[in-house]
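Colleague: give me a model of this one.
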Amino acid sequence: MGVRVGVVLALLATWPAYAAFSWLAFDRLIAFKSTRWIPGIVGVSLAVVTLTMMVRVHQLGGTRGPSYGPVLSNQIAIARGLNEFRPDSPVQTDVTNFVRYPQGLRVLRLLDDRRPDSSTHANILLIRYDGPPAGGRVVLLHP
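Modeller: From the prediction side, this is the model:
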């Protein structure tokens, strides 16, 4: 365990050196008259890529990958929908984000203050992807 802590501390201590070396290299690159346009091009391309991804995530409602998943508003809607049923109702899902990280959905359910009526019951609650194949929107289905 001591070796792991030492390696982590060494990596954490060296990041300022990497940042300084990167800054010096970038500063030296700007010094040449023929390369002064590079920071502008990099900045514009970064802005275009960031805005494009923001629009894409907004239109598709998130991603189906494990790193991002459905947008937060969609996850909150699913948590509220699940809270309309009894806590012992079985839930099945193929949503990667909910399968790999179930604690996120559990926390969203606990944050919702509505509690189900004791008479509500569902055989099986299903959480499935909805929309285009690249989209991340999810929907709660109950028979």
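Colleague: domain parsing for the protein?
Modeller: For the chain, the structural domains run 2-60, 72-141, going by automatic domain parsing.
Colleague: looking at E84 now. What's its pLDDT?
Modeller: pLDDT recorded at E84 is 86.
Colleague: redo the domains of the chain as TSV? Include distance to P66 and mean neighbour count.
Modeller: The C-beta positions use only the backbone N, C-alpha and C, and glycine is treated the same way. Shown next, in TSV, are the domains of the chain (distance: least, CB to CB, whole Å; neighbours: other CB atoms under 10 Å):
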stretch	distance to P66	mean neighbour count
domain 2-60	15	10
domain 72-141	5	14
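Colleague: and the nearest residue to R64 once chain neighbours are set aside, what does it touch?
Modeller: Counting by CB to CB, 6 or more residues apart in numbering, G136 is the residue found nearest to R64 once chain neighbours are left out, at 5.3 Å. By CB atoms under 8 Å, 6 or more residues apart in numbering, the contact set of G136 is 60-64, 68-71, 74, 129.
Colleague: hey, least reliable of the domains of the chain by pLDDT?
Modeller: domain 2-60 (a mean of 79).
Colleague: now do the SS call for the residue nearest to R64.
Modeller: Secondary structure for G136, judged by DSSP: H, G, I helix; E, B strand; the rest coil, is coil.
Colleague: ok, now S89?
Modeller: For S89, the secondary structure call by three-state DSSP comes out as coil.
Colleague: I figured it hits L125, correct?
Modeller: Yes - if you go by CB atoms under 8 Å, S89 and L125 touch, sitting 5.6 Å apart.
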